[in-house]
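Enquirer: Sharing a model prediction with you, sequence too.
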Amino acid sequence: MTHVVHRPHPHDSGPLHVTGTAPYVDDLPTPANALHACFGLAPVGHATIDTLDLSAVWAAPGVVDVVTAADIPGENNAGPVIHDEPLLADGTILFPGQALFCVFAETRLAARKAARLFTLESTELPALTTVDEAVEAHSFLHGPLVFERGDVSKAIEDADYSSSSRLYIGGQEHFYLEGQGSLALPSADGLHIISSTQHPSEIQDLVAEALNISAAEVTVEVRRMGGAFGGKETQAAPLSIIAALGANRTGRAVRFRLDRDDDFVLTGKRHDFRADIRVGFDASGLIKGVDGILASRCGYGHDLSRAINDRAMFHADNAYFYPALELTSLRAKTHTVSNTAFRGFGGPQGMMLAERLVDKVAAAVHRDPLDVRLANLYNETDRSVTPYGMTIEDNVLPQLMPQLAETSDYRARRAAIIDANASAGRSPVRRGIALTPVRFGISFTTSFLNQAGALINIYKDGSILLNHGGTEMGQGLFVKVAQVAAEVLGVGLDDVKISSTRTDKVPNTSATAASSGSDLNGWAAKLAALELRNRLTAFWCAEQGIDGGLTFAQGRVSTEDGQSWPFAEVVRAAYMGRVSLSATGYYRTPKIDWDAKTGQGRPFLYFAYGAAVSEVEIDTLTGANRVIRADILHDVGRSLNPDIDHGQIEGGFVQGMGWLTMEELVYSARGDVLTHAPSTYKIPCASDRPDVLNIDLFDNANAEDTIFKSKAVGEPPLMLAISVHSALAHAVSSFSPRGRWPDLDAPATAEEILRTIATERTQAL
Amino acid sequence: MTQISMTVNGKAVSADVEDRTLLVSFIREHLGLTGTHVGCETSQCGACTVHVDGQAMKSCSMLAVMAQGAEITTIEGLAPSADTLHPVQEAFREHHGLQCGFCTPGMIMSAADMIRRYEGKLDEKTIREQLEGNLCRCTGYHNIVKAIEAAAETMAQSGETQTASA
Amino acid sequence: MYDVSYARVNAVPAAVDAFSKGDDPKYIAGGQTLIPTMKARLAAPSELVDVSRIEDLIGICEDGDVVIVGASTTHAAVNADALMNQRIPSVSALAGQIGDPMVRHRGTMGGSVANNDPSADYPAAVLALGATVRTDRRDILADDFFVDMFETALEEDELVTAIAFPVPKRAAYAKFPNPASRYAMVGVMVAELADGAIRVAVTGAGSSGVFRWTAAEKALAGSMDAQALDGLSVDADDMLEDLHGSGEYRAHLISVMTRRAVLAL
């Protein structure tokens, strides 16, 4: 029996958050002589720099230093994998708004004012902005990834039916409420950088490379982020590197916070995709072959685009077995901001392809899409191998989906909706419903990233300090890992002190990303705690002459025959007995083995599953739409903390709903992001949430040896919202001729819904 | 520069500020009350919400000089004393109405104002509508709404709704 | 934000006097549009004259069949006012749809009307109800007041002091908000005035700001029925076209929202 894990515990920072006393980077007291940094942004798109005159910037009041690319002693780079993302423009402007230089001034206002005083002469170059333009021009970051199985052309030709369609899937701005921010503090021992980042170790490396110093001279710390969602995995680096550069040059602290507008312009977003789909199927709706092309807008540089597009491919089947297939991934290089990680990391876009094709098939064979979905699911016998050669061993969807259909009363509601739509008459209201599954692979697909470390110190009074490589962005990682440490050491959660993530405590960490935070860091902390418990056990047994083991629970150390001592007493004695009370834990994920060159292997330790039923209503005269009800059944294994997991599911679903229905990024012809503030870019607000939202956890221990049999929960719930998009298309389909499924793109904004209704009405004529 | 004075969280404060200083900058930088957050800088997100003379307002859309003589309450001053929480704060903590916490202070200030205006008589739909000026990117709002419902009920029962923002 | 100097005044003459001494002054009340605009450096007045505390400009009263709203009355106050709710409920309801609660606590009717933002809500009410804009020096009829987007008949230093709304027989406002900003993408006020005249005013959509849709007025004068609008539409070429919606979409929404306003009468 467990005492601390598998139980609800509120967020550890809750008491601080509600009183406004939880500091974020920008809330930290500024050293008296701190400088403030501000980028000068390119007022043009793709162009060569002819001259850049900064004399007025230098002359502006309060300016202490100004740096350009030439002033970077080491590498002018913020690119995490491929070094193709300059910190400051060097000769060429690669996208509108790129940073040209950086000013360091006495006040934030002085820096901002000075940063506008440059004179740029440039020659504009042709710009590729959209996926369509880039694919047409064969502009790619690197070659395509292709998954193949069997003869897909033949499979589709031989099938009873086939369908072809194109789907555009929009991008998404992270809109973390706390914008990017960093504080660089110089000291005799090196640089101390406090950043709002998911990836302190990477910033440490990039700072060292840019400044030509050793990583050991750089410490990066993060206590908490005001949201991140993937947007602070690589995108936090430029600010921190430039702040470090300023601190190094001036010997003064440098504070750097981006304005929200600049944040929108400078930082990458979720990749928008174009999916071309050809599918062959039989009269029952069983898929025979799928030919799909996924093309994405990567922007000007690599960032994480390779891995993101790989993951789109890993999920282009979602939950369905494609007997014959050819899936191609094109990574379009454009002269726009370099797109980046965002919750789901390409997976959601891949799944959109799968769900769209299943809806197309179901419409064509006049079946309930749920039946077609169930019929095409992976099984554990003859239909269990994915396009990349991994055999699925833990599929719970054949149980989970019918269970959800039952509890949500899906069948009866669908029948009622179809009837109501048919008899709607002059009423402008139409409804739609859809049940869609999620099967999301858990592990970094870049295999070496699947490692983590933790450090636990027990002090003489029995108090425990926990540190690990994971970062807290609101997702509740810290409380979960603390639960693990408390459980193993048999103390209360309050006895474990949580501390900020620091590269000088736990080194060489991976980003807190890929939903892996508690899987990796939880295990690392467990191993550290087990090491300490073993040392205490060995010492105490010897000391007390105990045969057999000890149990650690509820703050006491006990023998099998009922003797027991307070934990703190045992600790104190162990110290006096010269036992080390500090231990590290190191974990690496087993079993994974993925070969990017052959496109085959096992990229994931396991899969997280879930499904959602969404019911929507559209106003067919204005295109306005809303989700009336959503029912979710989601598999988090044996939840480490059901309250935290519920929060992730709700938040992920609503964020996914925003992505697919209302969040629309608009670019100019030369690639400027025109929707660069919340006054033009709409994220869900409280009134957009479904009227009814029922969430249940699916009872299912992880088949793999994960931390206390739990499953990752950060990203998978976002994709439950694909049910909303499918339901909207269902509502629109009430205008379609029989057998047709509308080509509703994402986001399904009001105008997009009206456009699609108009198309379907024409088709019906 | 203009000398301004006002009452912030029950204490008289005065300072010389540039006229263009935003109220939120005054609160954060001059008074060091960093619980009031700057989220969007375009008057949309509500993270900077404070009470001015008893009403919720966005401190990023006001100049500090415009608050001359006003009574201001920030998140740090909402609780009746240092060792107790305001019922809305308690409800947000207890009902998991927060994740990253960045929007939380603004949410709580809006919620307290809403409970005052509706004298605690709030249904879920009204809460959702009245929260339109506060954005949260983490929670999906579910637990935030639950927390406000619970706080409204607690306060209505104890007759505190009249003094929610005092 | 550029540098600016600020002065609060307590009376109308003092406001006009302070204004006359400025280099490039602006009146400010709630500042819910002006301050964000100044922060974005899209406006850079050198002086702000704060009229939000002038007591004469705050409050709502009636004078026979006219409801008079002081220019510095906030949207929240208009929304909650018992008299307005009783006499012209469509205006109180409209006020409750502006922005969000925090904006409504500060933003004022005078500020909104004087600014004449093409997406603001109040101009539709002022124009549809045939209201009179009262200033420190004269009365201006709504039909003469709104000139073009962000442009009114006000002289440079002229201060709006009140808006006088004749109580209509009935009126209703239907709004399709911009999902992000909550400004009107299209807002339509349909009113049947005391003398039986029908007026239809549209905000959010016109490329010259708020306008009267006279064809709809004529059709509704024949029969106050949504079906009377069948076949009528505004010219998409005259509509705003931006990243939130095409001119065609806005033109379409005008037809839809006008019908809905009629149905809500």
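Expert: Good, I have the coordinates. Numbering: from 1, shown residues only, chains lettered A, B, ... in the order given.

Enquirer: drop to CA atoms for contacts and neighbour counts, all remaining ones
Expert: Fine.

Enquirer: centroid residue for chain B?
Expert: Residue closest to the average C-alpha location in chain B (C-alpha atoms, centre = their mean): B:Met109, at 2.2 Å.

Enquirer: which element is that one on?
Expert: helix B:104-117 (DSSP states H and E).

Enquirer: State which one residue of chain B is found closest to chain A.
Expert: When scored by C-alpha to the nearest C-alpha, chain B has B:Cys100 as its residue closest to chain A, at 3.4 Å.

Enquirer: Hmm, A:Arg223 and that residue touching each other?
Expert: No: taking contacts as C-alpha atoms under 8 Å, B:Cys100 lies outside contact range of A:Arg223: 11.3 Å.

Enquirer: between the two, who's got more neighbours?
Expert: B:Cys100 (27 against 20; other C-alpha atoms under 10 Å in any protein chain shown).

Enquirer: hang on, that one in a strand?
Expert: No: counting by DSSP: H, G, I helix; E, B strand; the rest coil, B:Cys100 falls outside a strand, being coil.

Enquirer: Run me through the strand neighbours of the helix or strand of chain A with the lowest mean pLDDT, direction for each.
Expert: When the helices and strands of chain A are scored by mean pLDDT, DSSP states H and E, strand A:593-595 comes last with a mean of 91. Partner strands and pairing direction for strand A:593-595 (DSSP bridges) are strand A:600-602 (antiparallel).

Enquirer: Past the strand it pairs with, which element shows up next along the chain?
Expert: strand A:606-619.

Enquirer: circling back to that earlier point, tell me which residues of the least confident helix or strand of chain A are tucked away?
Expert: A:593-594 (16 or more other C-alpha atoms under 10 Å in any protein chain shown).

Enquirer: Provide a list of residues in contact with residue 5.
Expert: Picking chain A for this. Shown in contact with A:Val5 (C-alpha atoms under 8 Å, 6 or more residues apart in numbering or on different chains): A:480, A:483-484, A:487, A:640-641, A:708.

Enquirer: Oops, wrong one, chain C.
Expert: B:19-20, C:46-48.

Enquirer: picking that back up, which among the contacts of A:Val5 count as buried?
Expert: A:480, A:483-484, A:487, A:640-641, A:708.

Enquirer: What is the most widely separated pair among the residues you listed?
Expert: A:Glu487 and A:Asn641 (12.5 Å; C-alpha to C-alpha).

Enquirer: circling back: what sits up against the least confident helix or strand of chain A?
Expert: Contacts of strand A:593-595 (C-alpha under 8 Å, 6+ apart): A:445, A:447, A:600-603.

Enquirer: Most neighbours out of these, which is it?
Expert: Busiest of the contacts of strand A:593-595 [other C-alpha under 10 Å] is A:Pro603, holding 25 neighbours.

Enquirer: roughly how far apart are that residue and A:Val385?
Expert: 13 Å (C-alpha to C-alpha, to the nearest Å).

Enquirer: repeat for C:Val126
Expert: 67 Å.

Enquirer: Quick check: next helix or strand after the helix or strand containing A:Leu693?
Expert: Taking DSSP H and E as the definition, A:Leu693 sits inside strand A:692-697. Using DSSP H and E, the helix or strand that follows strand A:692-697 in sequence is helix A:722-732.

Enquirer: right, and A:Gly585 touches A:Asn521 too?
Expert: No: assessed by C-alpha under 8 Å, A:Gly585 is found out of contact with A:Asn521, at 9.0 Å.

Enquirer: Of those two, which one has the most company?
Expert: For A:Gly585 and A:Asn521, the more surrounded residue by other C-alpha under 10 Å is A:Asn521, and the numbers stand at 32 against 23.

Enquirer: nearest residue to that one other than its sequence neighbours?
Expert: Once flanking residues are discounted, A:Asn521 sits nearest to A:Ala452: 5.7 Å by C-alpha to C-alpha, 6 or more residues apart in numbering or on different chains.

Enquirer: Kindly report the same for A:Met313.
Expert: In this structure, A:Met313 finds its nearest non-sequential neighbour in A:Gly350, 6.0 Å apart by C-alpha to C-alpha, 6+ apart.

Enquirer: For the one you found, which phi and psi angles does the backbone take?
Expert: Backbone geometry at A:Gly350, expressed as degrees, to the nearest 10, gives phi -60, psi -40.

Enquirer: where does it land on pLDDT?
Expert: Per-residue confidence (pLDDT) for A:Gly350: 98.

Enquirer: Distance-wise, check it relative to chain B.
Expert: 23 Å (C-alpha to the nearest C-alpha, to the nearest Å).

Enquirer: what's that residue in contact with, if anything?
Expert: So A:Gly350 contacts A:294, A:311-318 (C-alpha under 8 Å, 6+ apart).

Enquirer: same deal with A:Leu330?
Expert: A:135, A:140, A:143-145, A:293-296.

Enquirer: So it, which state does it fall into?
Expert: Once three-state DSSP is applied, A:Leu330 turns out strand.

Enquirer: Please determine how far it is located from B:Met114.
Expert: Remark: distance between A:Leu330 and B:Met114 (C-alpha to C-alpha) = 50 Å.

Enquirer: mind listing what the residue of chain B closest to chain A touches?
Expert: A:224-227, A:473-475, B:138.

Enquirer: of all the residues you listed, which comes closest to A:His9?
Expert: A:Gln475 (12.9 Å).

Enquirer: so is that closest one in a helix, a strand, or just coil?
Expert: The three-state assignment at A:Gln475 reads coil, by three-state DSSP.

Enquirer: Tell me the residues on chain B that lie near chain C, please.
Expert: B:19-20, B:42-44, B:49, B:55-58, B:61-62, B:65-66, B:130-133 (C-alpha under 8 Å from any C-alpha of the partner chain).

Enquirer: I'd say A:Cys298 and A:Asn339 touch.
Expert: Yes: assessed by C-alpha under 8 Å, A:Cys298 is found in contact with A:Asn339 at 5.2 Å.

Enquirer: Quick check on the two: which one has the bigger neighbour count.
Expert: A:Cys298 (34 against 28).

Enquirer: Backbone dihedrals for that one, please?
Expert: Here is the backbone geometry of A:Cys298 (degrees, to the nearest 10): phi -90, psi -20.

Enquirer: May I have stretch A:217-231 as CSV, with CA atoms only?
Expert: C-alpha atoms of stretch A:217-231 as CSV (Å, rounded to 0.1, in the frame of the first residue of the first chain):
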residue,chain,number,x,y,z
GLU,A,217,31.6,28.4,-15.5
VAL,A,218,27.8,28.8,-16.2
THR,A,219,25.0,27.9,-13.8
VAL,A,220,21.5,28.0,-15.0
GLU,A,221,18.6,28.0,-12.6
VAL,A,222,14.9,27.9,-12.9
ARG,A,223,12.4,27.7,-10.0
ARG,A,224,9.2,28.0,-12.0
MET,A,225,7.7,29.2,-15.2
GLY,A,226,4.4,30.9,-15.8
GLY,A,227,3.5,28.4,-18.4
ALA,A,228,5.7,27.0,-21.2
PHE,A,229,3.9,24.3,-23.3
GLY,A,230,7.1,23.6,-25.3
GLY,A,231,7.6,27.3,-26.0
